[in-house]
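1. The following block contains a protein sequence and its predicted model.
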Amino acid sequence: MRSDLYSAGCVLYEMSTGRRAYPEDDGIKLWHAILNVEPAPPRQIQPLLSTRLERIVLCCMAKEPSRRYANTRELSDALRSVEARGLSALIRRIWPR
């Protein structure tokens, strides 16, 4: 389902930036933000992020479901197109052990 792809986009956003897309703690404010506010572009927070990965994350998080990937295979193919080694290095810098 495309709602699952939105959720995957939220996880990817947090993994790639080190922040939640919507930091609101109040439930009503959070729902309002999810429905009406575009998240900050990931590269604005993490400039080392590739433009390709940023596009993937934002595609997953598109407000209009028809603008998201059609299925998990499309998302998987898009993620495979991102250089895995570069992505791993970025995640290690953002999330040190």
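-> Cool, the structure landed.
2. Please make it C-alpha for all contacts and neighbour counts, starting now.
-> OK.
3. so how many other residues sit close to the residue lying closest to residue 23 once chain neighbours are set aside?
-> Closest residue in space to residue 23, ignoring its immediate chain neighbours: residue 30 at 7.7 Å, by CA to CA, 6 or more residues apart in numbering. Residues contacting residue 30 under the criterion other CA atoms under 10 Å number 15.
4. could you list every residue that touches residue 30?
-> 22-24 (CA atoms under 8 Å, 6 or more residues apart in numbering).
5. Only whichever of the residues you listed are buried, select them in PyMOL.
-> Those of the contacts of residue 30 that meet the burial criterion (16 or more other CA atoms under 10 Å) are gathered into one PyMOL selection, given here:
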select buried, resi 22
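6. out of the contacts of residue 30, who's nearest residue 44?
-> residue 22 (14.6 Å; CA to CA).
7. My guess is that closest one contacts residue 34. True?
-> Yes - checked against CA atoms under 8 Å, the pair residue 22 and residue 34 is within contact range at 7.2 Å.
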